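Chemist: here is the input, now give the coordinates:
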Amino acid sequence: MSLVSGATNFRDVGGLPAGSRRTRSGALYRSGNLVHVDEAGLQTLADLGLRRIIDLRDDDEVRWAPSRIEGLDVEVQRVPLFLGSVESFFERDVSLGELYAELVEGSAARIVDAVRGIADAQPVLVHCTVGKDRTGVTVAIALAAVGVDRDAVVDDYARTEGLLPAARNRQVVAGIRALHPENRHAEELATRSPAPVMRALLETLDAEYGSPAAFLRAHGLTEAELERLRAALIE
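Modeler: Coordinates of the predicted model:
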């Protein structure tokens, strides 16, 4: 069940093991979009005391599904992560692994911007449309970079699949298949968060950069910012 009424896949990233320590509760939240947040959800968002919302969606997504956050004293940081449109991924029939590889290759500096945003203000919410791919990659890299156990990072990503409503999944997949009947990856792209895909992405960052933290440093995150991120997220 979502922590915020009307928001899909909204959850706290606290309590994950990081060696002998754990991630801090009430510091970093993740979710899908906030377009259907109801009055009770709006009150919950206010009670959480969010200082920043990092919205990873593109302009069209924001226009079609504006966040319902009126009355909240919160800064919104826009960091559109996809270089192409969401639609283009279905047109090209990319796999989830290919999508994530494109994301870290093509939007590395923007991922750093988002991670910097997490480090600079908490409590912070990171979200995209579903809270699965752009949010999943950004949050996983941030957590891995500050020493959260790799299995816990992957498990947190994989949780999303069980939090997406079945009716929503059926509707979205049917819509994609109507437009792209030959698409082989529609269900995976729209509804799945398989642990092996995230594990493979993080292992690719290990192989190419040395670690997820080194990936962030290679694209502009300073050591001081990484220390701030660690202090913000780890108890």
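Chemist: who touches stretch 149-165?
Modeler: For stretch 149-165, the surrounding residues in contact (Cβ atoms under 8 Å, 6 or more residues apart in numbering) are 2, 8-9, 11, 13, 16-19, 130-132, 136, 139-140, 143-144, 191-195, 198-199, 202. Every C-beta, even on glycine, is put in place using the N, C-alpha and C of the backbone.
Chemist: hang on, Arg29 in a strand?
Modeler: To be clear, residue 29 is Tyr; Arg isn't right here. Yes. Assessed with DSSP: H, G, I helix; E, B strand; the rest coil, Tyr29 lies in a strand.
Chemist: contacting residues for the closest residue in space to Thr191 that isn't next to it in sequence?
Modeler: Nearest residue to Thr191 in three dimensions, chain neighbours excluded: Asn169, at 4.3 Å (Cβ to Cβ, 6 or more residues apart in numbering). Contacts for Asn169 (Cβ under 8 Å, 6+ apart) come out as Glu187, Ala190, Thr191.
Chemist: what is the burial count for the last one?
Modeler: Counted with other Cβ atoms under 10 Å, the burial measure for Thr191 works out to 18 neighbours.
Chemist: how close does it sit to His185?
Modeler: From Thr191 across to His185, the span is 11 Å (Cβ to Cβ, to the nearest Å).
Chemist: next one: phi and psi at the closest residue in space to Asp120 that isn't next to it in sequence?
Modeler: Excluding its sequence neighbours, the residue lying closest to Asp120 (Cβ to Cβ, 6+ apart) is Arg228, at 7.2 Å. Dihedral angles of Arg228 (phi, psi; degrees, to the nearest 10) stand at phi -60, psi -40.
Chemist: confidence score at Arg228?
Modeler: pLDDT recorded at Arg228 is 98.
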